[in-house]
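*Asks:* could you work out the structure for the sequence below:
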Amino acid sequence: MKNFILLYITIVSVFSFNSYAQKSKTTTADKKYDNYAYIKAVSTYERVVEKGYKSEDMFQKLGNSYYFNGELDKAAKWYQELFTMNPNQESEYCYRYAQSLKAIGQNDKANQMLETFSQKAGNDSRGKLFGKNKNYLEQIKANSGRYKIEDAGINSKYSDYGSAFYNNKLVFSSARDTGSLGQRKHTWTNQYFTNLYASDLDEEMTPGKVNKFADKINSKFNESTPIFTKDGKTMYFTRNNFLDGKKGKDANRVTLVKIYKASFENDNWDKVIELPFDSDLYSVAHPTLSPDEKTLYFASDMPGTLGQSDLFKVKINEDGSYSTPQNLGKGINTEGRETFPQITDENELYFASDGHPGLGGLDVFVTKIGTDGTLGEIQNVGDGINSPKDDFAYLIDTKSRRGFVSSNRDGSQGYDDIYKFLETRKLVCLQELYGNVTDLNTSQMLPDTKMSLFDSEFKLINTTITNAEGNYKFEVECGKNYNVRAAKPEYITKEQKIAIARENGRTNLNFALEKEVCKVAIGDDLGKCFGIKMIYFDLDKYNIRTEAALDLEKILDVLNQNPTMKLDIRSHTDCRQTAQYNQILSDRRAKSTIAWLVKNGIDANRLTGKGYGETQLVNDCGCEPTNKSNCTEEQHQMNRRSEFIITAL
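*Replies:* Reported below is the predicted structural model:
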């Protein structure tokens, strides 16, 4: 029977980066609000750079700001500055720079950068067959022991296989003899042709009494492997090339198989039609639908097949027409047989194959379908589901983790039997990546922020929106590296890398977004517009360092753009050292900051300031009177801060 259900040649029985970011609308200063000033961070960065200050972080922000908004010519300018400063950038910046170079016609240089990107990003493992992996048996062993499996209780002494869920029923194929005088046996197997049968499922998905399913669907030849739309009004199924009493044959006078579509009307399945990509010359079988029901996957040996049978897909258009079948490619299809696809509502594609390394015969494998249609790593689901014999037609309810699989393993009652199972542990180690998104200046939560999850090669995996509390979450795989991007209108888009631990659990990643236009009022800290927590000085000194000058240039630019603005500059220390020493040191640092701004053209009358030493700690990390503290370095860091308080606008 296996020669038929696996789409053997003589079958007669069954068988970018996408610029997703919408261009942010820049809010300009509204003149009617006399009590506020609006500071555009990107413009400030550009003016700071024009004065000769350089920073990788600043060049990355400038390049990204224009890249995300589709202004690739401007992005190229800043990415060029980035790579001039440090050619050894992460792979994603190589890719963005290459795309930006193409936009300005520098294709040769873009190709060179893409070559660098390719070397840094590594080869796509999905294109590699398991035959190149010498440790595949160890991997299968690691994936085993995850199922409790037993006879489904609906098997006959004939072939029973291939199942689907439909209205709390299990619909499956069977060659059992129902006693009808019209039943015919296949001369090759001495078994009856298969029809579709149905069995009610209880709360634990145990099948009950078996009855024939839909008289107008079952014919005198073979029907098998149905799939139903969620509304229960459409089904696709496999049948021999037989419609309206006519049997089709190929050039060798063999009746192959096709996929048919039926509609549920007036309490009956009717209007059976064959699909337009069917043919008398090759077989098309085992349909399954994507979760959104806009794509139909199936197995076939049509022209373009890489092996004995491959997996294909077609788009279902809004008008009911179908696109040209597309082969799923070498990453999944081999020189052997790939067949019996089944897609879950979690976008996992299960299929049977004897081309990928397994335990013998057909084994069940699984891969994840990405949002862009790409296929992830292919894994053998392990012993229990798989055996040394043929194992295929895997079906699972993702909520209960209960399902069915077909097999001709030792101990089967008939030629093929259906087994029910409970998955006790998911194949993939998963974690919850979660966090919140806040305003860098106000620390307020930011709802409706678009969050995008990318893999280590910057291929988009998933997107979501932060909730009313500014929280988000993604399901991610253990032991992998990801890139997460937060984008919200009027804020500068931000990305962060995260490495997930190699065990189940949760990983936190928070975002603080910088306003593209920062609104400030009297009493606000101007430094928060640019994430300036402190002006850095050498240990026990108060001379302006290079890092400090870069941040002070941002303050200087804002003062120049807002000539009536006045600042009170405050310097704070932690409690270590004596209180007197800290008071003197912080006062000198505040005055040094003021002196730098005055030296660079700011009227001294616009500036006040003093040091507060350890007198205004933001936590309980005081050291007096012993001059000792049990606080951590992170806690002390919170007290070492610089403030630029706006006293007039």
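*Asks:* ok, now how distant is residue 242 from residue 254?
*Replies:* With distances taken as CB to CB, to the nearest Å, residue 242 is found 13 Å from residue 254. Every C-beta, even on glycine, is put in place using the N, C-alpha and C of the backbone.
*Asks:* no, scratch that, I was asking about residue 422
*Replies:* From residue 422 to residue 254 the distance is 41 Å (CB to CB).
*Asks:* domain parsing for the chain?
*Replies:* 52-121, 133-423, 430-513, 518-648 (automatic domain parsing).
*Asks:* want to try a markdown table for those domains, with mean pLDDT, mean neighbour count and distance to residue 43 as columns?
*Replies:* Shown next, in a markdown table, are the domains of the chain (pLDDT from 0 to 100; neighbours: other CB atoms under 10 Å; distance: least, CB to CB, whole Å):
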| stretch | mean pLDDT | mean neighbour count | distance to residue 43 |
| --- | --- | --- | --- |
| domain 52-121 | 81 | 18 | 10 |
| domain 133-423 | 87 | 18 | 35 |
| domain 430-513 | 92 | 17 | 12 |
| domain 518-648 | 83 | 17 | 8 |
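*Asks:* would you turn the ones you listed into TSV with distance to residue 45?
*Replies:* Output for the domains of the chain, formatted as TSV (distance: least, CB to CB, whole Å):
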stretch	distance to residue 45
domain 52-121	5
domain 133-423	32
domain 430-513	10
domain 518-648	8
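*Asks:* can you check which of these gets nearest to residue 44?
*Replies:* Residue 44 sits nearest to domain 518-648 of all these, at 4.9 Å, using CB to CB.
*Asks:* now that closest one, how far from the chain's geometric center?
*Replies:* Computed by CA atoms, centre = their mean, to the nearest Å, the chain-centroid distance of domain 518-648 equals 42 Å.
*Asks:* between the two ends of that domain, how far is it?
*Replies:* 16 Å (CA to CA, to the nearest Å).
*Asks:* could you do stretch 319-330 as well?
*Replies:* Stretch 319-330 end-to-end distance (CA to CA) = 31 Å.
*Asks:* geometric centre of this protein: which residue is closest?
*Replies:* Nearest to the mean C-alpha position of the chain, counting by CA atoms, centre = their mean, stands residue 461 at 1.9 Å.
*Asks:* quick check on that one: phi, psi?
*Replies:* phi -110, psi -50 (degrees, to the nearest 10).
*Asks:* quick one: it and residue 369 touch, right?
*Replies:* No - shown here, residue 461 and residue 369 do not form a contact pair, counting by CB atoms under 8 Å, at 10.9 Å.
*Asks:* so which residues of this protein form helices?
*Replies:* For the chain, the helices defined by DSSP state H occupy 2-5, 41-50, 56-68, 72-85, 91-103, 107-121, 136-142, 546-561, 579-599, 633-639.
*Asks:* pull the CA atoms of the longest one into PDB?
*Replies:* In this case it means helix 579-599. In PDB, the C-alpha atoms belonging to helix 579-599 read as follows (Å, rounded to 0.1, in the frame of the first residue of the first chain):
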ATOM      1  CA  ALA A 579      31.200  64.200  52.400                       C
ATOM      2  CA  GLN A 580      33.500  67.200  52.300                       C
ATOM      3  CA  TYR A 581      35.700  65.800  49.500                       C
ATOM      4  CA  ASN A 582      32.600  64.900  47.400                       C
ATOM      5  CA  GLN A 583      31.100  68.400  47.900                       C
ATOM      6  CA  ILE A 584      34.300  70.100  46.700                       C
ATOM      7  CA  LEU A 585      34.800  67.700  43.800                       C
ATOM      8  CA  SER A 586      31.200  67.900  42.500                       C
ATOM      9  CA  ASP A 587      31.300  71.700  42.800                       C
ATOM     10  CA  ARG A 588      34.500  71.900  40.700                       C
ATOM     11  CA  ARG A 589      32.900  69.600  38.100                       C
ATOM     12  CA  ALA A 590      29.800  71.800  37.800                       C
ATOM     13  CA  LYS A 591      31.900  74.900  37.400                       C
ATOM     14  CA  SER A 592      34.200  73.100  34.900                       C
ATOM     15  CA  THR A 593      31.100  72.300  32.900                       C
ATOM     16  CA  ILE A 594      29.900  75.900  33.000                       C
ATOM     17  CA  ALA A 595      33.400  77.100  32.000                       C
ATOM     18  CA  TRP A 596      33.400  74.800  28.900                       C
ATOM     19  CA  LEU A 597      30.000  76.100  27.700                       C
ATOM     20  CA  VAL A 598      31.100  79.800  28.300                       C
ATOM     21  CA  LYS A 599      34.400  79.100  26.500                       C
END
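*Asks:* angle of that helix against helix 546-561?
*Replies:* With axes from the mean of the first three to the mean of the last three CA atoms, to 10 degrees applied, the angle from helix 579-599 to helix 546-561 works out at 50 degrees.
*Asks:* which helices and strands does helix 579-599 pack with?
*Replies:* The helices and strands touching helix 579-599, judged by 3 or more CB pairs under 8 Å, 6 or more residues apart in numbering; DSSP states H and E, are helix 546-561, strand 566-572, strand 607-613.
*Asks:* could you dump the ones you listed to JSON lines with distance to residue 452?
*Replies:* JSON lines is the format used below for those (distance: least, CB to CB, whole Å):
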{"stretch": "helix 546-561", "distance to residue 452": "28"}
{"stretch": "strand 566-572", "distance to residue 452": "37"}
{"stretch": "strand 607-613", "distance to residue 452": "42"}
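*Asks:* without its sequence neighbours, what residue ends up closest to residue 234?
*Replies:* residue 263 (6.0 Å; CB to CB, 6 or more residues apart in numbering).
*Asks:* the one you found and residue 232 touch, don't they?
*Replies:* No - in this structure, residue 263 is not within contact of residue 232 by CB under 8 Å, at 10.7 Å.
*Asks:* quick one on the thing from earlier: residue contacts, the residue nearest to residue 234?
*Replies:* 233-234, 269-271 (CB atoms under 8 Å, 6 or more residues apart in numbering).
*Asks:* give me the nearest residue to the residue nearest to the centre of the chain, chain neighbours excluded.
*Replies:* Nearest residue to residue 461, sequence neighbours excluded (CB to CB, 6+ apart): residue 453, at 4.7 Å.
*Asks:* quick one: contacts for the one you found?
*Replies:* 433, 460-464, 474, 476, 482-484.
*Asks:* cool, residue 152 as well?
*Replies:* 170, 207, 404, 417-420.
*Asks:* mind listing which of those residues are in strands?
*Replies:* 170, 207, 404, 417-420 (DSSP state E).
*Asks:* closest to residue 548 out of those?
*Replies:* Nearest member of these to residue 548, counting by CB to CB, is residue 404, at 67.2 Å.
*Asks:* how near is the closest one to residue 341?
*Replies:* For residue 404 relative to residue 341 (CB to CB), the value is 15 Å.
*Asks:* enumerate every residue touching residue 332.
*Replies:* Contacts of residue 332 by CB under 8 Å, 6+ apart are 311, 338, 351, 367, 375, 378.
*Asks:* let's see it at 10 Å
*Replies:* By CB atoms under 10 Å, 6 or more residues apart in numbering, residue 332 lies in contact with 126-127, 129, 306, 310-311, 338, 341, 349, 351, 353, 355-356, 365, 367, 375, 378.
*Asks:* in strands only, show me the residues you listed.
*Replies:* Short answer: the contacts of residue 332 in strands (DSSP E) are 310-311, 338, 341, 349, 351, 353, 365, 367.
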